[in-house]
Every structure is written in structure tokens, then in C-alpha cells.
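1. What follows is a protein structure lacking sequence information:
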């Protein structure tokens with residue numbers, strides 16, 4: 001009996017760690033399952049989306065900087081926990097050439113995020129970097145991920161240097177430091 005209780009407690013702890021580090025909806029987030037289409041060393045898929053000011057934003061505009069492309073949804077607890085971490089990371093490294101672009105693709109009800117949703121997200125977390133939405137999921141589909149938060153670390157030539165699924169700010173920091 002005692003072994004069973006210990007086993008169940010250990011299992012509960014493992015499951016809570018996994019749950020707290022990333023989210024996954026029952027629907028396939030990225031459209032193609034997993035991140036099998038992206039590998040370290042590949043050129044990052046370019047995209048053009050609308051930023052929080054209603055302007056067109058393209059990934060290519062960040063060439064020459066180390067870039068974190070972060071995918072999140074407003075319903076995702078680990079994404080919400082990661083947002084202030086990204087703000088801190090950005091504030092620490094922006095003067096050395098770091099840019100972050102965060103794609104908020106769904107609101108709290110799993111509907112496509114709109115500009116009002118982006119404004120709420122930015123205000124709630126004090127986000128100083130670019131925030132975009134992806135109403136047709138074209139960028140989400142291009143990056144082929146199945147769990148969020150999903151962060152792709154790019155070098156100054158927009159080549160993928162790390163792919164980080166889940167809320168792991170120390171891994172993001174290490175990847176950035178390796179590139180700056």
C-alpha cells in the first residue's frame with residue numbers, strides 16, 4: 001500500500017511538471033503534428049502578419065538580429081507564466097541585438113486572436129517587443145508545432161539555432177547568449 005501511494009505521488013508530480021511546462025489542445029495546434037518539419041540549421045520560415053498596431057510585420061525585417069519567435073495562446077497557463085520571463089530576457093539583451101516577436105494566435109476561448117486581444121496581452125504583461133496575431137494560422141502551420149509555448153531561436157541570418165517547447169527561460173537565455 002505504501003509503495004502504491006509513493007508511486008502515485010511521484011506520478012502526480014511528474015504529470016504536474018509536464019503540464020506546467022507546456023500546453024497542448026486536443027486539436028493539432030500546428031496542423032501537421034510535432035515539429036518534424038523544422039530542424040536546427042534550417043532557414044526559419046518567413047512570415048508576414050499583423051502587429052498589435054495593425055501594421056504589416058515580416059520576420060525578414062529582423063535579419064541582422066538574434067531573434068526569438070515565440071508562439072503562445074491566451075488560454076495557455078505556461079504561456080502566461082512565460083510572458084514576464086520573455087519581457088525580462090528582452091530587457092536584458094535588447095541592447096546587444098536581441099529581438100523577440102511573439103505570435104498570440106488564439107484568445108481565451110481558442111478563437112483566433114484579434115488586435116484587441118493583442119492589446120490586452122501587451123497591457124497585462126507590459127510587453128515591449130513586437131506582438132503579432134495569426135488569424136488564418138498560416139504561420140502556426142509553417143512552424144509545425146504541437147505544444148506551446150513554442151520558441152524558435154534564430155541567429156542573425158534567421159537560421160534556426162534552437163527549438164524550445166515549453167516554458168524553459170534558462171534554455172532560451174543560454175541559446176541567446178551563445179549567439180550574441
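-> Received the coordinates, thanks. From a predicted model like this one, the values you see are computed outputs, not experimental measurements.
2. Tell me how many other residues crowd residue 70.
-> Residue 70 has 25 neighbouring residues, counting by other Cβ atoms under 10 Å. Bear in mind the C-beta positions are built from the backbone N, C-alpha and C, glycine included.
3. Tell me which helix or strand comes right after the strand or helix carrying it.
-> Using DSSP states H and E, residue 70 sits in strand 66-73. Remark: after strand 66-73, the chain's next helix or strand is helix 77-93, criterion DSSP H and E.
4. buried ones in that following helix?
-> Buried residues in helix 77-93, counted by 16 or more other Cβ atoms under 10 Å: 78, 79, 80, 82, 83, 85, 86, 87, 89, 90, 93.
5. As a markdown table, those residues with pLDDT would be great.
-> Shown next, in a markdown table, are these (pLDDT from 0 to 100):
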| residue | pLDDT |
| --- | --- |
| 78 | 97 |
| 79 | 97 |
| 80 | 98 |
| 82 | 98 |
| 83 | 98 |
| 85 | 98 |
| 86 | 98 |
| 87 | 98 |
| 89 | 98 |
| 90 | 98 |
| 93 | 98 |
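6. May I see these arranged in JSON lines, with distance to residue 161 as well?
-> Putting those into JSON lines (distance: Cβ to Cβ, whole Å) gives the following:
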{"residue": "78", "distance to residue 161": "22"}
{"residue": "79", "distance to residue 161": "22"}
{"residue": "80", "distance to residue 161": "26"}
{"residue": "82", "distance to residue 161": "19"}
{"residue": "83", "distance to residue 161": "22"}
{"residue": "85", "distance to residue 161": "19"}
{"residue": "86", "distance to residue 161": "17"}
{"residue": "87", "distance to residue 161": "22"}
{"residue": "89", "distance to residue 161": "15"}
{"residue": "90", "distance to residue 161": "17"}
{"residue": "93", "distance to residue 161": "15"}
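7. Good, wrapping up.
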